[in-house]
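Participant: Predicted model follows, preceded by the sequence.
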Amino acid sequence: MSITSTLNEEILIVQEKPGAQLAAQRVLRDYSPEYVAGKLHLRVRIIELLEADDYEKMPEPVFIKGYLRAYAKLLGVPADPLLNTFNSLYSDESKSERTLWQSRRQNNRAEYVIRWVTILLSLGVLVAVGMWWESSRENEQILPEKLEQQALVQPATPAPEVRLTDLSNMRSLLSSTGSQELAAGDQQ
C-alpha cells in the first residue's frame, strides 16, 4: 500500500506543477506543441521544457513566468494560480546577486590604489600646466620690453616687398643686400 500511495502522491504533485497543467489543457484543446510554439513565437523546445517543468534548462525565472502567462492566455486558463504554484515550487533564492540600487561597499585594495594614483597624476598635470602658464605669461611681459628697446636703438627701415615667384627680382635683391652689408661693414 505504501508504494501505491507514494505513486499517487507523485502523480498529484506532477499534476499540480504549472507545466503539467498547461500540457493537460493543451491536449484537451487538441493543440500540438508546434502550434503553441508558433502562436507564442517560441521554439518547440521551450514549450517541451515548460510542459516537463524542467526549469533548470530554461532562461531566468522572469522569462519562465512570462512564458507561463502567455501560454495560459493562449489556452484561456487563468495565469495567477499557475504563477503562484511556480513561485512556491521554484523560488530563486540561490542567486544572491547585488541589485542595481545597492551601494557598492566591497571595494578591494587595488581599486583604491588605482584611484589615488589617478588623482595624484591628475593633480601633477594640473600643477605642471599652471607653472607653464605662469612662465609663459612672464615671457610675454619681457618680450615687448625687449622689442621696444630694440626699436629705440635701431630705426625701422621698410623692407622692400619680395615675391618668391619672381627669381630675377630676388637675385637683384640678394645681390644688393649683400653689397650693402659689405659697404656697412667697411664703414665701421
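Facilitator: Received it, and whenever you're ready, just let me know what you need.

Participant: which ones are touching Asn108?
Facilitator: With contacts taken as C-beta atoms under 8 Å, 6 or more residues apart in numbering, Asn108 has no neighbouring residues. No exception for glycine: its C-beta is placed from N, CA and C like everyone else's.

Participant: Quick check: it vs Ile114, distance?
Facilitator: The gap separating Asn108 from Ile114 is 10 Å, by C-beta to C-beta, to the nearest Å.

Participant: can you check Leu22 too?
Facilitator: On the measure of C-beta to C-beta, Leu22 and Ile114 end up 52 Å apart.

Participant: Please say which of the two ends up with more neighbours.
Facilitator: Comparing Leu22 with Ile114 by other C-beta atoms under 10 Å, the one with more neighbours is Leu22, at 24 against 10.

Participant: Give me the residues contacting the helix or strand hosting Arg45.
Facilitator: Assigned by DSSP states H and E, Arg45 falls within helix 44-51. Helix 44-51 has contacts (C-beta under 8 Å, 6+ apart) with 19-20, 22-23, 26, 33-34, 36-37, 40, 55, 57-58, 64, 67-68, 71.

Participant: switch to 6 Å and redo it
Facilitator: Under the contact criterion C-beta atoms under 6 Å, 6 or more residues apart in numbering, helix 44-51 has outside partners Gly19, Ala23, Pro33, Glu34, Val36, Ala37, Lys57, Met58, Tyr67.
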